[in-house]
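A.B. asks: Give me a 3D structure for the following:
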Amino acid sequence: MTTYVAVFALVLAYVALLAAYVALRTLAKLRRATTVLAKGARGPEANASLIEATHRNTERTEVIAEEIADLRGLVADGLKNRKESGAAAVTGALRNVALVRYDAFGEMSGRISFSLALLDEHGDGVTLSAIAGPGDTRVYAKAVADGKGEHELSPEEQQAVASALAKRRSLLTRKAG
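C.D. replies: Reported below is the predicted structural model:
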């Protein structure tokens, strides 16, 4: 019977030794994993634990969320004030636009050349003209001040400026009415 007890003790010791080996291997894997997590830290926060870093980032996220909420409020107030004051409060906006399409050369058809007038509420802005020829297309820009070109405007550019100014006048009479 003592031999059975001795064999049983020997088997039990072997099982305990295997369990200890498995536990040490698991512990080694966990240490390697935490080392990999800790390698990413740099600077003054290098010794912080993962939980501390997560907590710190959560606090930063909350601060940023509050700042975003404040900015949304400012934008909403700005939009509300803009609606209340009307569209006339925006000065310098190029909101009077007119496009004139034409055939620059007799041999080309399809009205692929154009003159575009972009003017603000004072008639200041720019005209853009694209003249499509058989081999190339040329683009010209001319400044416009008070509805008149700073350089001589082509008839198509003059027509575009006049159309844009007419749109401005129709907007003004609509607002006044």
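
A.B. asks: tell me the mean pLDDT for the longest helix along the chain?
C.D. replies: Longest among the helix segments of the chain by residue count, using DSSP state H, is helix 2-39. Per-residue pLDDT over helix 2-39 has a mean of 88.

A.B. asks: helix or strand right after it?
C.D. replies: Going down the chain from helix 2-39, the next helix or strand is helix 50-85, by DSSP states H and E.

A.B. asks: which parts of the next helix or strand after that next one are buried?
C.D. replies: Going down the chain from helix 50-85, the next helix or strand is strand 96-102, by DSSP H and E. Under the neighbour-count criterion of 16 or more other Cβ atoms under 10 Å, strand 96-102 has 96, 98, 100 buried. The C-beta positions use only the backbone N, C-alpha and C, and glycine is treated the same way.

A.B. asks: and if you look at stretch 56-63?
C.D. replies: So, applying 16+ other Cβ under 10 Å, stretch 56-63 has no buried residues.

A.B. asks: Residue nearest the middle of the chain, spatially speaking?
C.D. replies: Using Cα atoms, centre = their mean, the residue of the chain that lies closest to the mean C-alpha position is residue 68, 15.1 Å off.

A.B. asks: What pLDDT does the model give that residue?
C.D. replies: pLDDT, read off for residue 68, is 95.
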